[in-house]
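S.K.: fold the stuff below for me.
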Amino acid sequence: PARFTLVGTMNPEEGDLRPQLLDRFGLCVHVEGLNTPEQRVEVVKRRAAFEADPQAFVGEWAEETEKMRAAVAKAIALCPSVRASDAILLGIAERSLALGVDGHRSDIVMLKAAKAIAAWAGRDEVAAEDVEEAAQLALAHRMRRRPFEDILGPRAA
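M.R.: Coordinates of the predicted model:
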């Protein structure tokens, strides 16, 4: 079983959410469709195979599914023991401040995400690249303004 809650989704083309609501989202993931015909064909083939015989499909992917399940379980078990140095914590705080993020939730979420990333990689210490990856998920939707917004002005329609 998964241990997450999907709070909601949004389409940026329909307008922005209020900053107070955006801050409540821990991480923000941008999802795009597949871009090559080969990838799209593979999705269609797999869906058709599942619809034709769900049990056979599940059996065909059982080994791969078990590998992923075991990797997730290993990361979950390791995550509580992952450490972050004071230098990492300072870097997280400085990044949030430099981007003009209000509050402290972003720092807390970024730390948790960086620890999870390190655990997924099988490490018990957070590295700078873990923070970099976590920052992309935890900060973009919290920024009061986007980089270069003051320089470039509003986007052309």
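S.K.: so where's this structure uncertain?
M.R.: 1-10, 12, 19, 23, 144-157 (pLDDT under 70).
S.K.: repeat that for 80
M.R.: Scanning the chain with the threshold set as pLDDT under 80 gives 1-26, 29-31, 102, 141-157.
S.K.: could you pull out the helices for it?
M.R.: Here the chain has its helices, by DSSP state H, at 19-22, 37-52, 54-60, 62-78, 86-98, 105-120, 128-138, 149-152.
S.K.: on contacts alone, who are the packing partners of the longest one?
M.R.: Right, the one you point to is helix 62-78. helix 105-120 (3 or more Cβ pairs under 8 Å, 6 or more residues apart in numbering; DSSP states H and E). (Each C-beta comes from the backbone N, C-alpha and C, glycine too.)
S.K.: now the helix it packs on against helix 86-98, angle please.
M.R.: For helix 105-120 against helix 86-98, the angle by axes from the mean of the first three to the mean of the last three Cα atoms, to 10 degrees is 140 degrees.
S.K.: report the buried residues of helix 105-120.
M.R.: Neighbour counts over helix 105-120 (16 or more other Cβ atoms under 10 Å) mark 105-107, 109-120 as buried.
S.K.: just to check, A75 is in contact with I117?
M.R.: No. Between A75 and I117 there is no contact under Cβ atoms under 8 Å: 9.1 Å.
S.K.: closest to H141 out of the buried residues of helix 105-120?
M.R.: Nearest to H141 among those: S106, at 9.5 Å, using Cβ to Cβ.
S.K.: that closest one: what's it in contact with?
M.R.: D23, S96, A138, L139, R142 (Cβ atoms under 8 Å, 6 or more residues apart in numbering).
S.K.: which among the residues you listed count as buried?
M.R.: Buried by 16+ other Cβ under 10 Å: D23, S96, A138, L139, R142, out of those.
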